[in-house]
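>>> need the 3D shape of this:
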Amino acid sequence: MLNISPKKIDKALNTDKLYSIKLVSTPKSGKVITYWLMGLFLLALIIMFVPWQQNVNGSGRLTALSPEQRPQTVQSPIDGRIDRWKVEEGQFVQKGDTILVFTEIKEKFLDPDLLLRIKQQVGAKESVIESSSDKADALSTQMDALSQSLILKLEQAVNKITQAKLKVKSDSIDLVAERVNFIIADTQLSLGNNMFRKGLISLIEYQRRQEKFQASSAKLISQENKLLDSKNSLINAQIELNSIRADFMEKISKADSERNSSLAYVAQSEGELAKLENEYSNLIIRNTFYVLRAPQDGYVIKALKVGIGENVNEGEPIITIMPDNPKLAVELFVRAMDIPLLVPGKRVRVQFDGWPAIVFTGWPNVSVGTFGGIVRVIDFVESNNGKFRILIVPDPADDPWPPQLRLGSGALGWAMLDNVPIWYELWRQLNGFPPNMTPQAETENFGGESGTKKRTKVGKDNESKDEEEK
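Okay, here's the model as predicted:
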């Protein structure tokens, strides 16, 4: 029973009928499972040393590379009421096509003849400016005439003063002569009085001398009065000179004040005219805003306001337009620890939602349904989700992206890095270590040959720009 004898009796015994033999024998299924487990273990051990290509992955969505090619909302330029629609959702529109028509709701612009009335106000204000300018010119002419008259009047007054001075001088000389005559008459009268007492002259001669004395005295008094009159005339002439100067200066100052007032009113009216012309131009431009037009070629994808007669505010979104033939790009969000491994120009693989694909990130050569891409932009700051955004454009050296793609579709992407064994990749993932940086990435990131060439090219471009500016 111990099966240690050289002579075997297993073949002679019918073990199928012996229950105890069945209990102690090894079942065939156990041997099969053992062989399978050993084979799987050997296979797993071999796979652990199979090369695995590390990668940096991220998820995001499809977008347009240029901001002007992304879906945009067309906003209402004014406050108004929707009068009628000219498009339907899904319709293709060209730049300048009418989307809808507004009607006015503001009380200030309800007058249908508002443009005509503003134009009339502009014409009236231009007439006021012209009249005020003519008045200012007339006052300037009046001031010139007053200045000429002042010169003539001053010359006339100066001549009059000169004549008064000569008259005073002449009267002064006459007064001196009369005083001499008066002294002579007085002396002759005194001598005649003595001589008449002594009887040397007759009474008639004495009376003649008295008469001559009285006449000389009267002439002296008369000449003194003439001299005083001449002096008064000189003073009056001087006063008249000052009066003429003051009078004309007052008239010139008044005319100048009125002229300045007219010029100030002209300046004020010109400001009001400019304001009216500005309002007139704004009204003309506002009239063009009653028709909402497509800003570029594209498809109407969503109307945010519906119906007829609905009021809209200025700047309120009305409709969304998807530009035609946008330049597609994938917007991926990558962890901050993986950003140093990426550089613009690095090739990546992209998988799109809704597009059948079999993906092996570690073995990209056997992946099916993925498309090539190139890193175009890497943001310098993180996004709201705590990750950094990168933009990927189609790789011209790879298969073109499917034409059925739509903006906003989900996408997955990964960039290939270094080749490592699978056991190392599992160990790295379990410990949370970052992937290895490839020599190409190290060169581009940390000042290798390509990085040096790029910086040199940028430096030359900046120098040429500086020389052009100078």
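
>>> right, and the helix or strand after whichever strand or helix holds Ser257?
In this structure, Ser257 is located in helix 203-288 according to DSSP states H and E. Sequence-wise, the next helix or strand downstream of helix 203-288 (DSSP H and E) is strand 291-293.

>>> now the closest residue to Leu65 other than its chain neighbours: how far from Gln207?
With sequence-adjacent residues excluded and distances taken as CB to CB, 6 or more residues apart in numbering, Leu65 is closest to Ala329, at 4.0 Å. (Glycine included, C-beta is placed from N, CA and C.) Using CB to CB, to the nearest Å, one gets 144 Å for the distance from Ala329 to Gln207.

>>> more neighbours, these two?
Legend: neighbour count by other CB atoms under 10 Å for Ala329 and Gln207, higher for Ala329 (24 against 12).

>>> quick revisit: for the helix holding Ser257, which helices and strands make contact with it?
Judged by 3 or more CB pairs under 8 Å, 6 or more residues apart in numbering; DSSP states H and E, helix 203-288 is in contact with helix 114-198.

>>> would you say Thr63 is within a helix?
No. According to DSSP: H, G, I helix; E, B strand; the rest coil, Thr63 belongs to no helix; its state is strand.

>>> what's the spacing between the closest residue to it other than its chain neighbours and Ile392?
In space, and not counting its chain neighbours, Thr63 is closest to Glu331: 4.6 Å by CB to CB, 6+ apart. Separation of Glu331 from Ile392 (CB to CB): 8 Å.

>>> tally of neighbours for Ile321?
Ile321 has 21 nearby residues by other CB under 10 Å.

>>> for it, grab phi and psi.
Main-chain torsions, Ile321, degrees, to the nearest 10: phi -120, psi 130.

>>> which ones are touching it?
With contact set as CB atoms under 8 Å, 6 or more residues apart in numbering, Ile321 has these partners: 71-74, 93, 294-296, 298-301.

>>> for ChimeraX, what selects the buried ones among the residues you listed?
Buried subset of the contacts of Ile321, written as a ChimeraX selection, criterion 16 or more other CB atoms under 10 Å:
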select :71,72,74,93,294,295,298,299,300
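
>>> export the contacts of Ile321 to a markdown table and append columns for secondary structure and distance to Glu211.
As requested, the contacts of Ile321 are exported to a markdown table (DSSP: H, G, I helix; E, B strand; the rest coil; distance: CB to CB, whole Å):
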| residue | secondary structure | distance to Glu211 |
| --- | --- | --- |
| Pro71 | coil | 133 |
| Gln72 | strand | 128 |
| Thr73 | strand | 127 |
| Val74 | strand | 125 |
| Val93 | strand | 131 |
| Ala294 | coil | 127 |
| Pro295 | coil | 124 |
| Gln296 | coil | 127 |
| Gly298 | strand | 132 |
| Tyr299 | strand | 137 |
| Val300 | strand | 134 |
| Ile301 | strand | 136 |
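
>>> which one of the contacts of Ile321 is nearest Leu220?
Of all these, Leu220 sits closest to Pro295, with 111.3 Å by CB to CB.

>>> separation between the closest one and Val93?
Taking CB to CB as the measure, Pro295 and Val93 are separated by 10 Å.

>>> wait, is Leu407 part of a helix?
No. Counting by three-state DSSP, Leu407 falls outside a helix, being coil.
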